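Student: what shape does this take:
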Amino acid sequence: MGVPRIIRRVEAAKKDEKRSTTRVAPSIAKPKKKRSDKLRALAGAFGAEAAQGSGSMAEGLAAKYDVYEKVGQGKQGVMVFRCTERSTGKQYAVKRVPKSLLGNTHGDERPMVAALRGCTQLVETHEVVESPDSLDYVMELASGGDLFEWIATRGALSEERARPLFLGILAGLRQVHDSGLIHRDVKLENVLLMTPDPSTPDQVRLADFEFCTPPPAMGAVGSVAFAAPEALGDGPYTVAVDVWAAGVCLYAMLSASAPFDAPEGIEATSRRILEATPGMPFPEECWRSMSPDAKDLINGMLHPDVTQRLTLSQVMAHPWLQGSAYPLTIRPSVSASIPPTMASSSESRPTKSPKLSGSPKFALKLGWHSKMRRWSSKGSKTGCKPGLPTPADVAMLIDEVGAPANVVSCPLEWAPRGRSMSM
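Tutor: Predicted coordinates for the structure are as follows:
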C-alpha cells in the first residue's frame, strides 16, 4: 500500500525546511558577522588616517589662521588667499605654492625672505608655514591688489599720479640692490598696492623674490615682456636688468600698453627685445601729450646697450622725478652707519650729525692715521709719508654728480683706540 499523498507532502516540506536551514543559515549569518567586523576595522583605519592628516594641517596653517576667499591667482597653480590670525585678529594674505613646482617653475623664496627682512618697500612676510604638499607664505595684505589689475581696471595713469607710485617701485629696487641682490622679476603683477587708491611711495610694495640672486646672474627667468636684451642671451648680467624692467613698468603705467609685447607669442616678443634700438618710437596716441622728461627717462632706462643705460641712482635723480612732492631717502645718513664699538660716550659726541645736501653716491673705505689724527681714503700707511696728500687733500664722501662736493669731517671721537682700523 502506498504512502498517502498528504504524508509525502509533509515529509517533503520537512526535508526542504531542514535543507534550507542547514544551507542558508551557516552561509549568511556567519559571513555577515565577519564582513561587518572587517568594515568596522577598515572604517577605523580610515578614520585614524584622516585624523592624522587633519592633525598635520592643524599643526600647520589651520592651527593659527582662518583662511577665507581667494584674492589672487599666480602662475602654475599658485594661489593667494585672505586669512586672519586668530590670536591677534590681524588680516594677512597667504600665498600657497605647491611643492611640486619647486625646482621646476618656482624657486624657494625662504632664503631671500630672510635676507630681505626689514625692508620697508618690500612686501613683508610674517612667516612661512610648511605643509606636506605646499609652502604657505603669510604676508601683509595688499588691499589695493597689484598694479597690473589696477591699470587694467582704471586705464593709464597721468604723470602726476604715476610719479609717486613709480618712486615706490624704485625704492623697493634700491633696497633689493643694497642687499646685494638682483630681483630679476620686476613686473606690474609684482607691484602691490597697500590701499585701493594709493598716492604715495610708501603705499607701494615690491613682491616675489624667488628669482633673486647675487650678481652676476645667468639665464632667462621671469616674464619675457619685461626681460632686458642681455637677460635673453647666454652671458652674465647685472642689476641693470631691473632698471630695464622698471622702464617697461613706467611705459605701461603711462600708456596702459607694453612696449615689446607681440601678439604672435613669446618668440616674437623676445625678437622685438633683442632687436631694440636706442630711442623708443612711442606709437600710442597718449605719448603726444606726454612731457619730454617722461620720454627721456624711459629712453634712458630702455637703452639696449647696458653701458649706456641709466643706473638706478641716475633714474632716481632724473628731472622727471625731481619735481615729486614725495622725496625718498636713498641711503641712510652717515652717522647711522657708524658701528657702536667705534663711538664714544654720548657726552663726547656731537649732538647733531653733519647734514649733506643730497644722498651720498660713493662710500669710500677710510683708514685712521694715528699721527695725523684724521680719516683718509689714501691708506693707513701712505697717508703720513712725505710728498703724499696732506690732511686737507683727504677725500671723503662725495654727493651726486653735479651737486656741491661737500667734505664730511669725521669727529675725532670716532677714532679707534689702540690700533688702526678702517670703516
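
Student: who are the neighbours in contact with Ala93?
Tutor: Val71, Gly72, Val80, Phe81, Arg82, Cys83, Val138, Met139, Glu140, Leu141, Ala142 (Cβ atoms under 8 Å, 6 or more residues apart in numbering). For glycine as for every other residue, the C-beta is placed from the backbone atoms N, C-alpha and C.

Student: kindly state the beta-bridge partners for it.
Tutor: Arg82, Met139 (DSSP bridges).

Student: related to what we said a few turns ago, most surrounded residue in the contacts of Ala93?
Tutor: Neighbour counts for the contacts of Ala93, by other Cβ atoms under 10 Å, peak at Cys83, which reaches 25 neighbours.

Student: state the distance from that residue to Lys95.
Tutor: As judged by Cβ to Cβ, to the nearest Å, Cys83 and Lys95 stand 10 Å apart.

Student: ok, now Thr88?
Tutor: In terms of Cβ to Cβ, Thr88 sits 20 Å off from Lys95.

Student: the more surrounded of those two?
Tutor: Lys95 (22 against 9).

Student: quick check: phi and psi at the more buried one.
Tutor: In terms of degrees, to the nearest 10, the main-chain angles of Lys95 are phi -100, psi 120.

Student: spell out the residue ranges of the strands in the chain.
Tutor: 65-73, 79-85, 91-98, 125-130, 134-140, 191-193, 204-206, 367-369, 374-376 (DSSP state E).

Student: pipe those into JSON lines and attach distance to Ala152 and mean pLDDT per row.
Tutor: Compiled in JSON lines, the strands of the chain are given as follows (distance: least, Cβ to Cβ, whole Å; pLDDT from 0 to 100):
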{"stretch": "strand 65-73", "distance to Ala152": "14", "mean pLDDT": "90"}
{"stretch": "strand 79-85", "distance to Ala152": "17", "mean pLDDT": "93"}
{"stretch": "strand 91-98", "distance to Ala152": "20", "mean pLDDT": "92"}
{"stretch": "strand 125-130", "distance to Ala152": "26", "mean pLDDT": "91"}
{"stretch": "strand 134-140", "distance to Ala152": "22", "mean pLDDT": "92"}
{"stretch": "strand 191-193", "distance to Ala152": "13", "mean pLDDT": "97"}
{"stretch": "strand 204-206", "distance to Ala152": "17", "mean pLDDT": "97"}
{"stretch": "strand 367-369", "distance to Ala152": "55", "mean pLDDT": "57"}
{"stretch": "strand 374-376", "distance to Ala152": "53", "mean pLDDT": "57"}
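
Student: so which of those comes closest to Ala115?
Tutor: strand 125-130 (11.4 Å; Cβ to Cβ).

Student: tilt between the closest one and strand 91-98?
Tutor: Angle, strand 125-130 to strand 91-98, by axes from the mean of the first three to the mean of the last three Cα atoms, to 10 degrees: 40 degrees.

Student: hang on, Ile169 packs against Ala245?
Tutor: No - look at Ile169 against Ala245 with Cβ atoms under 8 Å: they stay out of range, at 9.6 Å.

Student: now do the shared contacts for the two.
Tutor: With Cβ under 8 Å, 6+ apart, Ile169 and Ala245 have common neighbours Val186.

Student: verify the stated contact: Val128 with Ser134.
Tutor: No - using Cβ under 8 Å, Val128 makes no contact with Ser134, being 10.7 Å away.

Student: ok, the two, which is more surrounded?
Tutor: Remark: of Val128 and Ser134, Ser134 carries more neighbours, 22 against 18, as counted by other Cβ under 10 Å.

Student: report the beta-bridge partners for that one.
Tutor: Here Ser134, judged by DSSP bridges, has bridge partners Pro98.

Student: that one against Leu101, yeah?
Tutor: No - when contacts are counted by Cβ under 8 Å, Ser134 is not listed as touching Leu101 (9.2 Å).

Student: measure stretch 192-206 end to end?
Tutor: 6 Å (Cα to Cα, to the nearest Å).

Student: and stretch 193-213, by the same measure?
Tutor: So stretch 193-213: terminal residues 24 Å apart, Cα to Cα.

Student: buried sites along that stretch?
Tutor: 193-194, 198, 201, 203-213 (16 or more other Cβ atoms under 10 Å).

Student: same thing with stretch 86-96?
Tutor: Tyr92, Ala93, Val94, Lys95, Arg96.

Student: then stretch 265-280?
Tutor: Here stretch 265-280 shows Thr269, Ser270, Arg272, Ile273, Ala276, Met280 as buried, counting by 16+ other Cβ under 10 Å.

Student: how about stretch 67-81?
Tutor: For stretch 67-81, by 16+ other Cβ under 10 Å, it's Val71, Gly72, Val78, Val80, Phe81.

Student: low-confidence ranges, the stretch 301-423 of the chain, go.
Tutor: Within the stretch 301-423 of the chain, the segments meeting pLDDT under 70 span 323-423.

Student: returning to that earlier point: quick one, which of the strands of the chain is nearest to Met253?
Tutor: That would be strand 191-193 among the strands of the chain, by Cβ to Cβ, at 9.3 Å.

Student: other SSEs contacting the closest one?
Tutor: helix 147-154, helix 159-178, strand 204-206 (3 or more Cβ pairs under 8 Å, 6 or more residues apart in numbering; DSSP states H and E).

Student: and these, which is most packed in?
Tutor: Of all the helices and strands packed on strand 191-193, strand 204-206 carries the top mean neighbour count, a mean of 26, counting by mean count of other Cβ atoms under 10 Å.

Student: closest to Trp150 out of the buried residues of stretch 86-96?
Tutor: Ala93 (16.0 Å).
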